[in-house]
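Chemist: here is my input; please provide its structure:
(4 chains)
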Protein chains: 2
Amino acid sequence: MLELAILGLLKEQELHGYELKKRLSDTFGPMSRVSFGSLYPALRRLEKAGAVEVTEAGPSAAAVSIPTTGSLSGERAAYRARRAGGGHDSRGRKVYRITPEGQALFEKLLAAEDASAEDDRSFQLRLAFARHLAADQRLGLLERRRAQLIERLARARTAVRAGRERLDSYARAVAEHSTEATEHDISWIERLIEVERSDQLERELKP
Amino acid sequence: MLELAILGLLKEQELHGYELKKRLSDTFGPMSRVSFGSLYPALRRLEKAGAVEVTEAGPSAAAVSIPTTGSLSGERAAYRARRAGGGHDSRGRKVYRITPEGQALFEKLLAAEDASAEDDRSFQLRLAFARHLAADQRLGLLERRRAQLIERLARARTAVRAGRERLDSYARAVAEHSTEATEHDISWIERLIEVERSDQLERELKP
DNA sequence: GTCTCGATGTATCGACTCGATATATCTGAA
DNA sequence: TTCAGATATATCGAGTCGATACATCGAGAC
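Modeler: Numbers count the residues shown, from 1 in each chain, chains lettered A, B, ... in the order given. Purely as a prediction, here's the structure:
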């Protein structure tokens, strides 16, 4: 799901890898912190798939794209050329821009409804980009999440009950806190669902 | 940290892989769900390191919670009746037992204080096994966690403030909920710290 | 002036984890 | 009897992580 996050950020504006990592970390919280070891390979995958392209200059400048050689010496040469000519602080930056194919891929990844394999992080990500979903898709996302959390809560409560005697106070505290956190999440989701429904009602009343 | 979880469970009783996975899932909640693709390699690593050993038979009578118990010897007998000579259970069960080296490794892993690399899951795991730590180590664990969460909260609040205008309502909702969850965690940790301190005081008063 | 330190920036490596899948046995209900 | 579903071990490819390498830039120390 890292691809989704990258494309979502590049939809707003073109960015280079380092900046992308910073935004991922402090826009989506500690949940979706990303290491360079996955970010750079992901960018290369996206580039190979034609979903993003590299522009030469920084985000603000008028970008002139250069065919990527992929060779190290080529990159170095390009860097030296930029240094000599421009005077900009480019520092070997590779600024990425989303392509139309990338836009399509973003829509596809965002709407994918494999409810089975939805983990916490990917839900958080989808919700953060929910603006790009249709109203009914948004509701579906929230309701699938609610169902998942309710199921999780049931399991957790069973586990707490089963472990009441077997577990010591520390393990019990962990289990109970995890249960509480799930309850908290459920009530949050339900508030979001209500807001979503009332928004939908409003749209129906005055189209 | 999967090794720590495995050793911690095997400390209580000997178990086979499948049962180990079930316990990991419903003792430590959805946070530390484990796949077979990591469990079996981890078991092999531990076996190779001499931390666990394979016993031929199933867990001894007192140990088993799931109702497969009584049939184990029956299964093996039936297998032997069908196929002469094989020393193995027809289901291929491999029951693991912790060794003294494994005990030592458990202590070492549990007490390791690389506070920098402490993620949520490993903290949860350490706390669940906190019974095996000395009182001061327990307090240290909790206080490092509190510091980490406070730091995280500060970052999250900065991000929320910075994104108040830049982010749409969905991304903002995600960021705010993440902040709330961190606050909730902090107050939980602080309750645990207080309990820990009062326990310590009690021990000092009547040794 | 220059020197060092920490932030910026791209990139790779090995170790680890995940989800999917293969294989086989046992249990219980139709 | 048969057949679905739980039990049980194991491997594979793909993706992720933390550590590390290497280099530049800006700012403050001296």
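Chemist: which helices and strands does the strand or helix carrying A:Leu125 pack with?
Modeler: Under the criterion of DSSP states H and E, A:Leu125 resides in helix A:120-128. In this structure, helix A:120-128 makes packing contacts with helix A:2-12, helix A:135-166, helix B:169-205, judged by 3 or more Cβ pairs under 8 Å, 6 or more residues apart in numbering or on different chains; DSSP states H and E. In short, each C-beta sits where N, CA and C put it, glycine included.
Chemist: looking at these, which is buried most?
Modeler: When those are scored by mean count of other Cβ atoms under 10 Å in any protein chain shown, the highest mean neighbour count falls to helix A:2-12 (a mean of 20).
Chemist: does DNA strand C have contacts with that one?
Modeler: No - for helix A:2-12, no contact with DNA strand C is found by Cβ under 7 Å from any atom of the strand; the gap never falls below 12.3 Å.
Chemist: other SSEs contacting the following helix or strand past that helix?
Modeler: Using DSSP H and E, the helix or strand that follows helix A:2-12 in sequence is strand A:15-16. Here strand A:15-16 touches strand A:95-98, going by 3+ Cβ pairs under 8 Å, 6+ apart.
Chemist: distance from the strand it packs on to the middle of the chain?
Modeler: Centroid separation between strand A:95-98 and its chain, computed with Cα atoms, centre = their mean, to the nearest Å, is 16 Å.
Chemist: repeat that for stretch A:102-109.
Modeler: Taking mean C-alpha positions (Cα atoms, centre = their mean), stretch A:102-109 and its chain are 13 Å apart.
Chemist: now swap in stretch A:179-196 and tell me
Modeler: In this view, stretch A:179-196 has its centroid 20 Å away from the chain centroid, taken as Cα atoms, centre = their mean.
Chemist: tell me if that stretch is near chain B.
Modeler: Yes - interface with chain B: stretch A:179-196 contributes A:Thr179, A:Glu180, A:Ala181, A:His184, A:Asp185, A:Trp188, A:Leu192 (Cβ under 8 Å from any Cβ of the partner chain).
Chemist: so what touches that stretch?
Modeler: For stretch A:179-196, contacts defined as Cβ atoms under 8 Å, 6 or more residues apart in numbering or on different chains pick out A:127, A:135, A:138-139, A:142-143, A:145-146, A:149-150, A:152-153, A:156-157, A:160, B:29, B:173, B:177, B:180-181, B:184-185, B:188.
Chemist: state the distance from the nearest residue to A:Thr99 once chain neighbours are set aside to B:Ser38.
Modeler: Excluding the flanking residues, the one nearest A:Thr99 by Cβ to Cβ, 6 or more residues apart in numbering or on different chains is A:Glu53, at 5.7 Å. Distance, A:Glu53 to B:Ser38, using Cβ to Cβ, to the nearest Å: 36 Å.
Chemist: taking chain A, what residue is nearest to DNA strand D?
Modeler: Going by Cβ to the nearest atom of the strand, DNA strand D is nearest to A:Gly37 of chain A, at 2.1 Å.
Chemist: list of residues touching the helix holding A:Leu125?
Modeler: Here helix A:120-128 makes contact (Cβ under 8 Å, 6+ apart) with A:1, A:4-5, A:8, A:27-29, A:31-32, A:110, A:133, A:141-142, A:145, A:192, B:170-171, B:173-174, B:178.
Chemist: what about A:Asn53, which helix or strand?
Modeler: One thing to correct before we go on: residue A:53 is Glu, not Asn. Here A:Glu53 is assigned to strand A:52-55, by DSSP H and E.
Chemist: in that strand, which residues are buried?
Modeler: By neighbour count on 16 or more other Cβ atoms under 10 Å in any protein chain shown, the buried set for strand A:52-55 is A:Val52, A:Glu53, A:Val54, A:Thr55.
Chemist: between the residues you listed, which is nearest A:Ile98?
Modeler: A:Ile98 lies nearest to A:Val52 out of those, by Cβ to Cβ, at 5.7 Å.
Chemist: pretty sure the residue nearest to A:Thr99 is in contact with A:Val95, am I right?
Modeler: No - judged on Cβ atoms under 8 Å, A:Glu53 makes no contact with A:Val95 at a distance of 9.7 Å.
Chemist: common neighbours of these two, please.
Modeler: With Cβ under 8 Å, 6+ apart applied, the contact sets of A:Glu53 and A:Val95 do not overlap.
Chemist: skipping adjacent residues, who's closest to A:Leu133 in space?
Modeler: Computed as Cβ to Cβ, 6+ apart, the closest residue to A:Leu133 that is not its neighbour in sequence is A:Leu110, at 6.4 Å.
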